[in-house]
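>>> below are the sequence and a predicted model for it; my questions follow.
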Amino acid sequence: AARPKSLVAVTACPTGIAHTYMAADSLAASAKEAGIDLQVETQGSAGATPLDPAIIAAADAVIFAVDVDVREKERFAGKPVIQSPVKRAIDEPDVMIREALAAADNPNARRVSTTADVASHETGEAGESIGAKLKRALLTGVSYMIPFVAGGGLLIALGFLLGGYAITDIADDVVLQNNFGNLPDGGLLTYLGAVAFKIGALSMGFLVPALAGYIAYAIADRPGIAPGFTAGAVAGFMGAGFLGGLVGGLLAGWIAHLIGTWSVPRWLRGLMPVVIIPLLASIVASGLMFLVLGGPIAGLTNALNAWLSGLTGVSAAALGVILGLMMCFDLGGPVNKVAYAFAVAGLGAGSADNQAPWLIMAAVMAAGMVPPLAMALATVLDRKRFSLAERENGKAAWLLGAAFISEGAIPFAAADPLRVIPASMLGGAVTGALTMAAGVTSQAPHGGIFVFFAIGNVLMFIVAVAAGAVVSALAVLALKRYAVRKEVAAEPAPVAA
């Protein structure tokens, strides 16, 4: 008898929290149903447990359901590959399984490149559009940047909590000149606040270099990391902010990729990825940032910051509405990620004197909490409008929503997108407008209500989230009750089946 087919898969999303594991579960369930042996490696924010090399060697094909670069892709070299955004593995896992099985039997199927160098990005992603490559590179940079922002933002918030906003002026002197035996004027709390603030500020200092470094990594693999980090550091030095980091990372990655395609003598090949590419790409990319691009981008960044800082009243609420609509449009999809990436990337520019980035982060996080909380509330208010599975999902959605995991609403949206998505967007817009109008701030990029100490005006934050959740819940129930197609309602047989 023929050996049954076996597959391996890698799932990864930009934040590495929800979609990564939802995609893995969907693929595993579909494979089990089809009688296919499938092993999945989840490359999440908590790290990854690599697949056994023997399992990879025995696999007939590999599935990459990823929005960011696959770590150590060379392990899968030579395997037929199916690659798609991570959301497709949640929506169409059975289709991806069938495509992978077909690729396993097709000698002309796309394969994972046999080299770990920059050329892998030319062959491994053949068929991927320029736009898709660009999006994957940017999301890879954001994915690796988020831990720096999360840790740094929370520590800065803790520093303010312990030492007050004035800690920004004295933190350097306090951490260098004081210790537990020689406390500063404010006592122990001021000392601990200064230490927390300084650690957080140093962590946030890596934001732009990490963004640029891993954008370059996504384009040119490991040889792009050093030029990308350097270009990001130059962008930070010149005041070009996250926009400079984006440009510097793309520039460094593209130049490193270009140099990696050069045909060089065999004796020089070993030096290319560790010496030649990082050296030349750093000189060109960072040189261009210093001599040509840094100044104009810094001017644009300052103009953007001035515009955001000047938003008050109606204009601030309008921005909150836009961010709220984007966060709830596709629940963790590309539009949601654009709004989230915009908020996170700007967080490093936030300060006691410039709180606009913190306002934007609060609006984004609050609006993102609305859809799961709204669906959970709706299942309580009118149980009969939801299936048993949806009511069970509703119980989990309370916690997911509270933790700012918008994907908790995906099971509801997948089953009834035309009612759930508009209702979610309505509530998200309300919440975004309320947080911006009330001046709610957040120094943490994730965590929802569990990072309450990093949220300014936390009571209004809770009120805004609750208001949006109620609006969305009532809207989805109204749509389910009144926006019903008569012909479907008149035929209960298919529903019962």
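Here it is on my side, so go on.
>>> need the next SSE after the helix or strand bottoming out on mean pLDDT in the chain, C-terminal direction.
Counting by mean pLDDT, DSSP states H and E, the chain has its least confident helix or strand at helix 120-123, which shows a mean of 41. Counting by DSSP states H and E, the next helix or strand C-terminal to helix 120-123 is helix 130-163.
>>> which positions in that following helix come out as buried?
Along helix 130-163, these residues count as buried under the neighbour rule (16 or more other Cβ atoms under 10 Å): 135-160, 162-163. C-beta: built from backbone N, CA, C; applies to glycine.
>>> state the distance from Pro265 to Gly401.
Applying Cβ to Cβ, to the nearest Å, the value for Pro265 to Gly401 is 59 Å.
>>> and the two? which has more neighbours close in?
Higher neighbour count among Pro265 and Gly401: Gly401, with 26 against 6, using other Cβ atoms under 10 Å.
>>> the more buried one reaches Ala378, doesn't it?
No. The pair Gly401 and Ala378 does not pass the contact test of Cβ atoms under 8 Å, sitting 11.8 Å apart.
>>> any low-confidence regions in this structure?
The model of the chain has pLDDT under 70 over residues 1-3, 15-17, 45-47, 114-129, 484-497.
>>> for it, which segments count as strands?
Counting by DSSP state E, the chain has strands at residues 6-12, 37-42, 61-66, 81-84, 441-442, 455-456.
>>> mind putting the ones you listed in JSON lines, mean neighbour count and distance to Leu388 included?
Shown next, in JSON lines, are the strands of the chain (neighbours: other Cβ atoms under 10 Å; distance: least, Cβ to Cβ, whole Å):
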{"stretch": "strand 6-12", "mean neighbour count": "26", "distance to Leu388": "27"}
{"stretch": "strand 37-42", "mean neighbour count": "20", "distance to Leu388": "27"}
{"stretch": "strand 61-66", "mean neighbour count": "27", "distance to Leu388": "28"}
{"stretch": "strand 81-84", "mean neighbour count": "22", "distance to Leu388": "31"}
{"stretch": "strand 441-442", "mean neighbour count": "28", "distance to Leu388": "36"}
{"stretch": "strand 455-456", "mean neighbour count": "22", "distance to Leu388": "36"}
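>>> okay if I get those as a markdown table plus distance to Gly394?
Output for the strands of the chain, formatted as a markdown table (distance: least, Cβ to Cβ, whole Å):
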| stretch | distance to Gly394 |
| --- | --- |
| strand 6-12 | 25 |
| strand 37-42 | 25 |
| strand 61-66 | 26 |
| strand 81-84 | 29 |
| strand 441-442 | 26 |
| strand 455-456 | 25 |
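>>> nearest to Ala220, out of the ones you listed?
Checking those against Ala220 by Cβ to Cβ gives strand 61-66 as the closest, at 17.5 Å.
>>> what does that closest one rub up against?
5, 7-13, 23, 27, 43, 56, 70, 76, 79-86, 88-89, 96-97, 100-101, 103-104, 109, 112, 136 (Cβ atoms under 8 Å, 6 or more residues apart in numbering).
>>> could I have that strand exported to CSV, CA atoms only?
Provided in CSV are the C-alpha atoms of strand 61-66 (Å, rounded to 0.1, in the frame of the first residue of the first chain):
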residue,chain,number,x,y,z
ALA,A,61,5.1,19.2,1.1
VAL,A,62,5.1,22.3,3.4
ILE,A,63,2.5,24.9,4.0
PHE,A,64,3.6,28.5,5.0
ALA,A,65,0.6,30.3,6.4
VAL,A,66,2.5,33.5,7.3
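>>> pull up the pairing partners for it, direction included.
When pairs are called by DSSP bridges, strand 61-66 turns out to pair with strand 6-12 (parallel), strand 81-84 (parallel).
>>> just want the angle from it to helix 130-163.
50 degrees (axes from the mean of the first three to the mean of the last three Cα atoms, to 10 degrees).
>>> much appreciated, bye for now.
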